[in-house]
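[1] Sequence and computational prediction follow.
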Amino acid sequence: MNVSARQRDGVTILDLKGKLTLGSGEQALRTTLQDALAAGATKVIINLKDVTTIDSTGVGELVGTYTTVTNRGAKLKLSTLPPKLQDILTITQLITVFDVYDTEDEAIASF
Amino acid sequence: MGSARLAGVTMPLEHRFHLGIGSRFENIELVQVVLKDSLERLGLDEDARHWVDIAVREAVANAIKHGNRQDPTKRVEVDLGLDGESLVIRVEDEGEGFEPGEVLNPLAPENLLKPSGRGIFYMRSFMDEVQYGLRPDGGTVVTLRKRLPALGVDREPAGRQEQGEKSE
């Protein structure tokens, strides 16, 4: 999995690409997020558009991200979930925890 | 149609592949490559393949992590076969054995934000049946089953005689 961070309108956007699964380098999300928070990010979007597969470890990483951001008093949104990720978050009922938006623009506007 | 000997248990099963891997997380991808090829040959569409892939991924991950505790000298054995219209996948490890009753419900409000503990839930969500057992010589066997009524793209025509019959 690849994670890269960019800034848009005062929001830190983490673009994820590939498989968010055990053994795929899934810890990269955590470390990139920690760097962003250390640099002062208070509004974070995780863009999931290019994530092809997410296993229970990947879901755990997303949950960990949510907890980390919230504990810091920052805000986290998820954007552009592929249908299968949407299904998984629905099945695990995490869709009720995360703030999910169809597009990046909507996610930015929601802060 | 033959029978495959798995974990000391013989069951009528059209055996498709056996794969033994060392307990390293990167080997999960190896299983996925073989599984994908096998499921494609069986004519499963992309969607169906995805959910089976996810379930098997969890089973193999559990075997490596909780069963064999990432000891690379311990093996995880994966078998895939067909039993009538069901896809049957077995994943075995060399660990201490496992009691699924001890697993917390990941949908309970107090567990929703826990970072782990969703693997078995995942398997149960995407397969029709998930059974845990113990190997006679120690270790856990998890058997995943999924009914695939459309199964049979590359199977013998003799097995498709019921085609014209009205289903209940």
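    Looks like it arrived, so ask away. Residues are numbered from 1 along each chain as shown, chains lettered A, B, ... in the order given.
[2] Please make it C-alpha for all contacts and neighbour counts, starting now.
    OK.
[3] how about the residues of chain B near chain A?
    Counting by C-alpha under 8 Å from any C-alpha of the partner chain, chain B comes close to chain A at B:25-26, B:28, B:54, B:57-58, B:61, B:106-107, B:112-119, B:122, B:125.
[4] make it 6 Å
    B:25-26, B:113, B:115-116, B:118-119 (C-alpha under 6 Å from any C-alpha of the partner chain).
[5] ok, and the closest non-adjacent residue to the residue in chain B positioned nearest to chain A?
    Residue nearest to chain A within chain B: residue B:115 (4.0 Å; C-alpha to the nearest C-alpha). Spatial nearest neighbour of residue B:115, chain neighbours left out: residue A:60 (4.0 Å); criterion: C-alpha to C-alpha, 6 or more residues apart in numbering or on different chains.
[6] Name the helix or strand for the one you found, please.
    helix A:56-71 (DSSP states H and E).
[7] pLDDT averaged over the next helix or strand along the chain from that helix - what is it?
    With elements assigned by DSSP H and E, the helix or strand that comes after helix A:56-71 is strand A:75-79. The average pLDDT within strand A:75-79 is 98.
[8] and strand A:75-79, what does it pack onto?
    strand A:43-54, strand A:100-101 (3 or more C-alpha pairs under 6 Å, 6 or more residues apart in numbering or on different chains; DSSP states H and E).
[9] What helices and strands are in contact with the longest one?
    Taking 3+ C-alpha pairs under 6 Å, 6+ apart as contact, the helices and strands that strand A:43-54 lies on are strand A:11-20, strand A:75-79.
[10] List the neighbouring strands of the shortest one plus their orientation.
    What that stands for is strand A:75-79. strand A:43-54 (parallel), strand A:100-101 (parallel) (DSSP bridges).
[11] With the first one instead?
    Strands flanking strand A:11-20 in the sheet, each with its direction: strand A:2-8 (antiparallel), strand A:43-54 (parallel) (DSSP bridges).
[12] Output the ones you listed in JSON lines, with mean pLDDT and distance to residue A:36 appended to each entry.
    Below are the strands paired with strand A:11-20 laid out as JSON lines (pLDDT from 0 to 100; distance: least, C-alpha to C-alpha, whole Å):
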{"stretch": "strand A:2-8", "mean pLDDT": "96", "distance to residue A:36": "8"}
{"stretch": "strand A:43-54", "mean pLDDT": "97", "distance to residue A:36": "9"}
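[13] The residue nearest in space to the middle of chain A and residue A:3, how far apart?
    For chain A, residue A:46 is the residue whose C-alpha lies nearest the centre (C-alpha atoms, centre = their mean; 3.1 Å). With distances taken as C-alpha to C-alpha, to the nearest Å, residue A:46 is found 10 Å from residue A:3.
[14] Likewise for residue A:93?
    25 Å.
[15] follow-up on the earlier one: got CSV for the helices and strands packed on strand A:43-54, with mean neighbour count too?
    Compiled in CSV, these are given as follows (neighbours: other C-alpha atoms under 10 Å in any protein chain shown):
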stretch, mean neighbour count
strand A:11-20, 21
strand A:75-79, 22
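[16] picking that back up, which of the strands paired with strand A:11-20 sits most buried?
    When the strands paired with strand A:11-20 are scored by mean count of other C-alpha atoms under 10 Å in any protein chain shown, the highest mean neighbour count falls to strand A:43-54 (a mean of 21).
[17] what's next to it, contact-wise?
    Here strand A:43-54 makes contact (C-alpha atoms under 6 Å, 6 or more residues apart in numbering or on different chains) with A:11-21, A:74-82.
[18] Restricting to C-alpha, output that strand in PDB.
    Output of strand A:43-54 as PDB, limited to C-alpha atoms (Å, rounded to 0.1, in the frame of the first residue of the first chain):
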ATOM      1  CA  LYS A  43      -8.400  18.600   9.600                       C
ATOM      2  CA  VAL A  44      -7.700  15.300   8.000                       C
ATOM      3  CA  ILE A  45      -9.300  13.400   5.100                       C
ATOM      4  CA  ILE A  46      -8.400   9.900   4.100                       C
ATOM      5  CA  ASN A  47      -9.100   9.500   0.400                       C
ATOM      6  CA  LEU A  48      -9.900   5.800  -0.200                       C
ATOM      7  CA  LYS A  49     -10.600   6.000  -3.900                       C
ATOM      8  CA  ASP A  50      -7.700   3.800  -5.000                       C
ATOM      9  CA  VAL A  51      -7.900   1.200  -2.200                       C
ATOM     10  CA  THR A  52      -8.700  -2.200  -3.800                       C
ATOM     11  CA  THR A  53      -9.000  -4.500  -0.800                       C
ATOM     12  CA  ILE A  54      -9.300  -3.900   3.000                       C
END
